[in-house]
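Engineer: Quick one, fold the following:
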Amino acid sequence: METGTIVHWNEDRAFGFIRPDDGGRDIFLHVKHAPGGATPVKGERVSYRVDRGDRGIFAADAVRIGDAC
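Structural biologist: Numbering: from 1, shown residues only. Next up is the predicted model:
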């Protein structure tokens, strides 16, 4: 599992981006991949697995938020 921090969240569109702890590109996160549909908050720590999304972009999957990571 990778770890990082939520650096952007758009509540209206239900997506945002994770900045990986090890650097590199920010990772797309859709709310459907957050546990129980929880709404991530900017600055929150997460762990996740990287997968190639529907449109070929790298996206977070199997996300755990806060203390669960």
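Engineer: count of neighbours near the closest residue to residue 28 other than its chain neighbours?
Structural biologist: Of all residues not flanking residue 28 in the chain, residue 59 sits nearest, at 4.5 Å (CB to CB, 6 or more residues apart in numbering). Every C-beta, even on glycine, is put in place using the N, C-alpha and C of the backbone. Residue 59: 20 surrounding residues under other CB atoms under 10 Å.
Engineer: Packing partners of the helix or strand harbouring residue 59?
Structural biologist: Assigned by DSSP states H and E, residue 59 falls within strand 58-65. Here strand 58-65 touches strand 27-30, strand 45-52, going by 3 or more CB pairs under 8 Å, 6 or more residues apart in numbering; DSSP states H and E.
Engineer: Do I have it right that the residue nearest to residue 28 meets residue 48?
Structural biologist: No. Contact criterion CB atoms under 8 Å: residue 59 and residue 48 do not qualify, at 9.1 Å.
Engineer: Need the residues touching each of these two.
Structural biologist: Residues touching both residue 59 and residue 48 by CB atoms under 8 Å, 6 or more residues apart in numbering: 27, 29, 33.
Engineer: mind putting these in TSV, distance to residue 15 and pLDDT included?
Structural biologist: Shown next, in TSV, are the shared contacts of residue 59 and residue 48 (distance: CB to CB, whole Å; pLDDT from 0 to 100):
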residue	distance to residue 15	pLDDT
27	11	95
29	6	94
33	10	87
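Engineer: before we move on, could you check phi and psi at residue 34?
Structural biologist: phi -80, psi 150 (degrees, to the nearest 10).
Engineer: Provide a list of residues in contact with it.
Structural biologist: Residue 34 is in contact with 40, 63, 65, counting by CB under 8 Å, 6+ apart.
Engineer: Now do the last one against residue 12, distance only.
Structural biologist: In other words, residue 65. 20 Å (CB to CB, to the nearest Å).
Engineer: now the second one
Structural biologist: Taken as CB to CB, the spacing of residue 63 relative to residue 12 amounts to 20 Å.
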